[in-house]
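**Student:** pasting the structure only:
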């Protein structure tokens, strides 16, 4: 019996031999995994969440290109007073400016060309470029002490999303998809929406990559136009019944391969085929806004019905969140203002101001803001000095990349509203109180999702990895 059982092992790899030796256990595991359909809630990993979460889902609004905190949410009147004068050496504290501006001969202080006003009971200072977001200042927690490790776009945006400057690590949405799963078995747990407009900095699929996590946890980008997900529709002449029959046979082949080889990626492939089949009916429903009330569309602004606009993507984010998608991420490019910040910033701010305010209103009125975390992010901030040596009064000034002080904001589930956490110096160059690293930020949003960040790991190449790497502390003062 023994010799007959293994008489066909000639020419097989060591992995295949070991796998066949363990087929009994593997078959039982396979039956457990595939024999009974899993509920959507069961698709996360055992033991999560670690404790009762404040937030069920996340909407992440990512402003790619490096939004200037000095033209938006960090009011610095001293810069206006000192405009055209060299930034005092005491501000730099012996450090050389980073990025392209290190080649400048002079570093003139530059105040914002846009006025600021105080809003709400909290008295939050907000630029006149964001009058609609300012209405929600008592719901928002501004994180004015954000810092990063990276000063160039690609490593900085990857760092903000994955906790590492080099690509290849899982991003925030993938970690949540892997750990918590989705509340809707017909939609992915992690969906990405990118504004369709000319970009100043490229946005690659690395920003929604699952890295070393199973590939079904990568973000699924929904495109503008009639076909939100490529190749999702059946080819002409293929009825749904025949498609289902084809997938059943393909599933049997994959199950046989999984039992023989035991590779997790095969199971991921099965999951993705099945998800794609279910998405054929769910995606057209969720991406159509035909059932939205006229008043709702008007609230989001004139671009609400424009395919690929940020306003429409905000509506889709709310619709996806309503249907149980765990992490919806919107990317809006156009913030890389090395010159002509007045013209460039004003137009880009107008594209997002009304839609974001409408999203917050919409979530609140639908009683969703209490368990939805809204995160407003960018990869880094901008310098307090002008780029190119502009002097006071120049309307075409720009700002260089700056990693040592910038602003995020949070609203919704588990967040104290009407709070500004962190203080920068009079020039907005350094954080003097309430510094928050990217690791801290990641630890905090995971805490709101019921996850203790230093216990949520994945083994890869001999090491247990986590989103917060080997650092990170929850920012407790901002928690409600």
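**Tutor:** In hand now; what should we look at? Not measured: the values here are computed from a predicted model.

**Student:** Do you have the strands of the stretch 1-150 of the chain handy? List them.
**Tutor:** 57-64, 116-119, 124-127, 140-146 (DSSP state E, counting those that start in this stretch).

**Student:** Name the stretch among those strands that sits most buried.
**Tutor:** strand 140-146 (a mean of 26; mean count of other C-beta atoms under 10 Å). Where C-beta positions appear, they are placed from N, C-alpha and C, glycine not excepted.

**Student:** Point out the other helices and strands that it packs with.
**Tutor:** Judged by 3 or more C-beta pairs under 8 Å, 6 or more residues apart in numbering; DSSP states H and E, strand 140-146 is in contact with strand 406-412, strand 419-421, strand 423-424, strand 431-433, helix 438-448.

**Student:** quick one on the thing from earlier: the strands of the stretch 1-150 of the chain into a markdown table, with extra columns for distance to residue 158 and mean pLDDT?
**Tutor:** Output for those, formatted as a markdown table (distance: least, C-beta to C-beta, whole Å; pLDDT from 0 to 100):
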| stretch | distance to residue 158 | mean pLDDT |
| --- | --- | --- |
| strand 57-64 | 11 | 98 |
| strand 116-119 | 32 | 98 |
| strand 124-127 | 28 | 98 |
| strand 140-146 | 16 | 98 |
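
**Student:** TSV for these, including distance to residue 289?
**Tutor:** As requested, the strands of the stretch 1-150 of the chain are exported to TSV (distance: least, C-beta to C-beta, whole Å):
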stretch	distance to residue 289
strand 57-64	17
strand 116-119	30
strand 124-127	29
strand 140-146	26
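
**Student:** nearest to residue 338, of those strands?
**Tutor:** Counting by C-beta to C-beta, residue 338 lies closest to strand 57-64 out of the strands of the stretch 1-150 of the chain; the figure is 14.8 Å.

**Student:** Mind listing residues that contact that closest one?
**Tutor:** Strand 57-64 is contacted by residues 153, 157, 160-161, 172-173, 176, 183, 199, 201, 203, 317-318, 321, 324-333, 335, 352, 356, 359, 371-379, 445, 449 when judged by C-beta atoms under 8 Å, 6 or more residues apart in numbering.

**Student:** next one: stretch 193-205
**Tutor:** Here stretch 193-205 makes contact (C-beta under 8 Å, 6+ apart) with 64-65, 153-154, 157, 221-222, 224, 307-310, 313, 316-317, 328-336, 351.

**Student:** OK, contacts around the residue nearest to residue 81 when sequence neighbours are not counted?
**Tutor:** Nearest non-adjacent residue to residue 81, counting by C-beta to C-beta, 6 or more residues apart in numbering: residue 111, 7.4 Å away. Contact analysis of residue 111 by C-beta under 8 Å, 6+ apart lists 70, 76-77, 79-83.

**Student:** same thing with residue 162?
**Tutor:** 169-172, 211, 467.

**Student:** Confirm for me that residue 378 is in contact with residue 335.
**Tutor:** Yes - contact criterion C-beta atoms under 8 Å: residue 378 and residue 335 qualify, at 6.6 Å.

**Student:** Can you work out which residues contact both of these two?
**Tutor:** 63-67.

**Student:** Output those in CSV; the columns should cover distance to residue 269.
**Tutor:** Formatted as CSV, the shared contacts of residue 378 and residue 335 follow (distance: C-beta to C-beta, whole Å):
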residue, distance to residue 269
63, 35
64, 31
65, 36
66, 38
67, 39
